[in-house]
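# give me a 3D structure for the following:
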Amino acid sequence: MKFELLTTDPGSKARAGKITTDHGVIETPIFMPVGTVASVKGVHQKELKEDINPDIILGNTYHLYLRPKTEILKKAGGLHKFMNWDRNILTDSGGYQVYSLSARRKIKEEGVKFKSHIDGSYHTFTPENVMEIQRAIGADIIMAFDECTPYPCDYNYAKRSMHMTHRWLDRCINHLEKTPEIYDYKQTFFPIVQGSTYKDLRKQSAEYIANSGAEGNAIGGLSVGEPAEEMYAMTEVVTEILPEDKPRYLMGVGTPINILENIALGIDMFDCVMPTRNGRNGMLFTAHGTINIKNKKWEADFSPIDPEGESFVDSMYSKAYVRHLFSVNEMLGRQIASIHNLSFYLWLVREARKHILAGDFPQWKDKMVKQMDKRL
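I've put the predicted structure just below:
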């Protein structure tokens with residue numbers, strides 16, 4: 001992987017860059033649609049590629065390990081071939097899913113024993129086997145195995161967890177050195193900064209991760225219920241320390257406003273289930289605020305979902321029609337909403353990039369935050 005930092009906005013820490021892997025170029029800042037189980041939920045690959053048009057999507061190690069299982073992915077030639085996706089893929093390590101299974105898992109120094117949410121069977125994730133699983137999945141960017149702490153989190157627990165995450169990182173790196181790629185392209189490894197919402201821990205963790213010498217770095221353990229102000233404060237602490245010449249990935253974030261505020265703090269990469277999850281429940285994001293398309297007020301509104309939208313669904317379907325689809329429980333409504341929201345998120349980060357390159361990002365960002373912070 002190669003990262004080229006093109007410019008940093010003079011009025012903020014916002015950056016425009018370019019990541020190049022064996023599966024193509026990723027222009028940053030970038031939002032990665034979440035394809036948890038080898039599918040961006042409700043979206044055909046044709047629409048994903050031609051309309052939403054992301055440079056990279058995300059897959060989930062925990063879910064892909066359980067289904068379809070790594071043996072199937074290896075037989076298929078890796079996740080790219082299995083799902084017919086010839087662009088970049090990033091896989092998370094399963095640490096967040098293990099966090100979300102708090103009633104079904106036991107964390108020890110060796111790793112995490114957990115109970116499958118599918119059939120109750122027991123499995124163990126260690127730093128070593130998670131690296132092997134991600135080799136088999138074959139994503140372009142793979143993540144270290146870490147523990148994601150909850151919010152709120154006791155300081156001493158957060159500290160112990162952070163140090164264990166660092167020890168797990170060393171084990172991941174050692175094992176990767178002994179485990180070559182399976183497919184005919186290179187994989188890039190990102191470690192993850194932890195430390196909950198404690199500045200001293202975040203600083204320690206960022207220094208440890210920066211010293212690991214990886215080609216890119218991630219920030220985990222945020223967007224787990226903490227106030228946005230604490231998220232921004234932790235991000236700022238970490239981006240002060242992480243190397244400028246390497247991409248920075250803020251995991252699991254977030255709302256459109258969260259994304260713009262974190263771009264201003266020097267973040268390059270984002271992912272979140274919100275565009276598709278909220279879309280399936282009738283919440284549509286636009287440049288002028290959010291819409292609950294189920295509301296009766298849209299019943300006879302024949303205007304596009306977002307007049308400024310560049311997605312084909314914005315030009316094809318009215319608010320009234322999409323509301324009708326939701327009212328009759330037609331799956332096309334959820335599909336249109338998902339495509340619209342993903343297209344909006346990609347439009348937003350690409351507009352941010354344009355304004356970073358033009359040197360007027362802070363003014364544009366402040367205007368957009370004010371516009372988007374409304375319920376229409």
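# C-alpha only now, for contacts and for neighbours.
OK.
# okay, now the closest residue to Lys319 other than its chain neighbours: neighbour count?
Distance criterion CA to CA, 6 or more residues apart in numbering; nearest residue to Lys319, sequence neighbours excluded, is Ile305 at 5.3 Å. A count of neighbours around Ile305, defined by other CA atoms under 10 Å, yields 27.
# per-residue confidence at Ile305?
pLDDT for Ile305: 92.
# check contacts around it.
By CA atoms under 8 Å, 6 or more residues apart in numbering, Ile305 lies in contact with 286, 314, 317-319.
# low-confidence regions, the stretch 1-150 of the chain specifically.
Along the stretch 1-150 of the chain, the model assigns pLDDT under 70 to no residue.
# the longest helix in this protein is where?
Taking DSSP state H as the criterion, the chain has its longest helix at helix 331-358.
# mind checking the backbone torsions on the residue nearest to Lys319?
When quoted as degrees, to the nearest 10, the phi and psi of Ile305 stand at phi -50, psi -50.
# for it, give its distance to Ser343.
Using CA to CA, to the nearest Å, Ile305 is found at 12 Å from Ser343.
# between these two, which contacts overlap?
Joint contacts of Ile305 and Ser343 (CA under 8 Å, 6+ apart) do not exist.
# ok so, going back, quick one: the residue nearest to Lys319 from Met283, how far?
Distance, Ile305 to Met283, by CA to CA: 11 Å.
# how about Cys272?
As judged by CA to CA, Cys272 and Met283 stand 15 Å apart.
# go on, Asp268?
Taking CA to CA, one finds Asp268 at 26 Å from Met283.
# and the two? Which one has more around it.
The neighbour comparison of Asp268 against Met283 (other CA under 10 Å) goes to Asp268, with 27 against 21.
# mind listing what that one touches?
15-17, 28-30, 247-250.
# give me that answer again for 6 Å
28-29, 248-249 (CA atoms under 6 Å, 6 or more residues apart in numbering).
# list phi and psi for the residue nearest the centre of the chain.
Central residue of the chain (CA atoms, centre = their mean): Asp271, 1.8 Å from the mean position. Main-chain dihedrals, Asp271, degrees, to the nearest 10: phi -150, psi 160.
# test my guess that it contacts Ile30.
No. Contact criterion CA atoms under 6 Å: Asp271 and Ile30 do not qualify, at 8.6 Å.
# helix/strand/coil for Asp245?
Under DSSP: H, G, I helix; E, B strand; the rest coil, Asp245 falls in the coil class.
# distance of it relative to Ala144?
20 Å.
# settle it for me: which of the two has more neighbours?
The neighbour count for Asp245 versus Ala144, taken as other CA under 10 Å, is higher for Ala144 (30 against 13).
# look up the closest residue to the more buried one, ignoring the ones flanking it.
In space, Ala144 is closest to Pro191, 4.9 Å off (CA to CA, 6+ apart).
# any idea how far the residue nearest to the centre of the chain lies from Leu357?
Asp271 sits at a distance of 22 Å from Leu357 (criterion: CA to CA).
# next up, phi/psi of His163, please.
Torsion angles, degrees, to the nearest 10, at His163: phi -70, psi -40.
# counting neighbours, what do you get for it?
By the criterion of other CA under 10 Å, His163 has 18 neighbours.
# so what's Met143 bridging to?
Phe190 (DSSP bridges).
# surely it is in contact with Ser93?
Yes. Met143 is within contact range of Ser93, at 5.2 Å (criterion: CA under 6 Å).
# contact partners for Ile8?
Quick fix: residue 8 is Thr, not Ile. 14-15.
# who's it bridged to?
For Thr8, the beta-bridge partners are Arg15 (DSSP bridges).
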